[in-house]
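S.K.: here's a sequence, model it:
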Amino acid sequence: MNTRKLVILAFLSAILTVQEEVLSFLPNIQLTFFLLVLYAKKLNFSDTLFVITLHVLFDNLFVGSFNLVYTPIMWIGYSFIPILSNTIFKKINTPLKLAITGVLYSLLYCWTFVLGSVFIMNVPFMSYFIADLPFELILSICTFLSILWLYEPCAKLFDRLL
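M.R.: Next up is the predicted model:
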């Protein structure tokens, strides 16, 4: 990996982390899934995983939430995006279809936390599910709209800059 590429990937990870922290006062209103879908479509698989790894480390460092249960789950949840974008959904490129897959990604991310909460932390499944449902809905709507509205103009800008 050359220096230019490393700086670009670190910058993309910083954008991901900063926007999430700036919007953290709003529950599950974020551009994280939009940006990760953009990165997964515009970068190669390993570069996107590198950005995700940096983001998870930065996010957990900044918030002070390093945890052997949730930090790996966060990484796994975000990793669904480049994995599925480069395999099953490789040919999907229109904003509407990407927005629909973005909803799937956000739900998969939320559901990975069920594993840690229910099986490791012994939280009752129905209690967790019912409490998390409104937040999953907010995240899914935010993801759908942000990809639908922002993907195309940002993809063009991304292509020009890189």
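
S.K.: please make it C-alpha for all contacts and neighbour counts, starting now.
M.R.: Noted.

S.K.: poorly predicted segments of this structure, please.
M.R.: The model of the chain has no residue with pLDDT under 70.

S.K.: can you tell me which residue is nearest the centre of it?
M.R.: Nearest to the geometric centre of the chain sits Phe33, at 3.9 Å (C-alpha atoms, centre = their mean).

S.K.: out of everything not next to it in sequence, what's closest to that one?
M.R.: In this structure, Phe33 finds its nearest non-sequential neighbour in Thr143, 6.0 Å apart by C-alpha to C-alpha, 6 or more residues apart in numbering.

S.K.: so which bits of the helix or strand containing that neighbour are buried?
M.R.: When elements are assigned from DSSP states H and E, Thr143 belongs to helix 125-161. Buried residues in helix 125-161, defined by neighbour count with 16 or more other C-alpha atoms under 10 Å: 129, 136, 139-148, 151, 155.

S.K.: against Phe113, how distant is Phe119?
M.R.: The spacing between Phe119 and Phe113, counted by C-alpha to C-alpha, to the nearest Å, is 10 Å.

S.K.: among those two, which residue is more densely surrounded?
M.R.: Applying other C-alpha atoms under 10 Å to Phe119 and Phe113 shows that Phe113 carries more neighbours, namely 20 against 12.

S.K.: name the element the more buried one belongs to?
M.R.: Using DSSP H and E, Phe113 sits within helix 95-114.

S.K.: pull the distance from that helix to the chain's centre.
M.R.: Relative to the chain's own centre, helix 95-114 is displaced by 9 Å; criterion: C-alpha atoms, centre = their mean, to the nearest Å.

S.K.: may I see the buried residues of it?
M.R.: Buried residues in helix 95-114 (16+ other C-alpha under 10 Å): 95-96, 98-114.

S.K.: repeat for stretch 5-18
M.R.: Neighbour count says stretch 5-18 has Leu9, Ala10, Leu12, Ser13, Ala14, Ile15, Leu16, Thr17, Val18 buried, by 16+ other C-alpha under 10 Å.

S.K.: residues making contact with it?
M.R.: By C-alpha atoms under 8 Å, 6 or more residues apart in numbering, the list of residues contacting stretch 5-18 from outside reads Leu31, Thr32, Leu35, Asp47, Phe50, Val51, Ile52, Leu54, His55, Phe58, Asp59.

S.K.: now do the helix or strand harbouring Leu49: distance to the chain's middle.
M.R.: Counting by DSSP H and E, the element that carries Leu49 is helix 45-63. When C-alpha coordinates are averaged (C-alpha atoms, centre = their mean), helix 45-63 and its chain have centres 10 Å apart.
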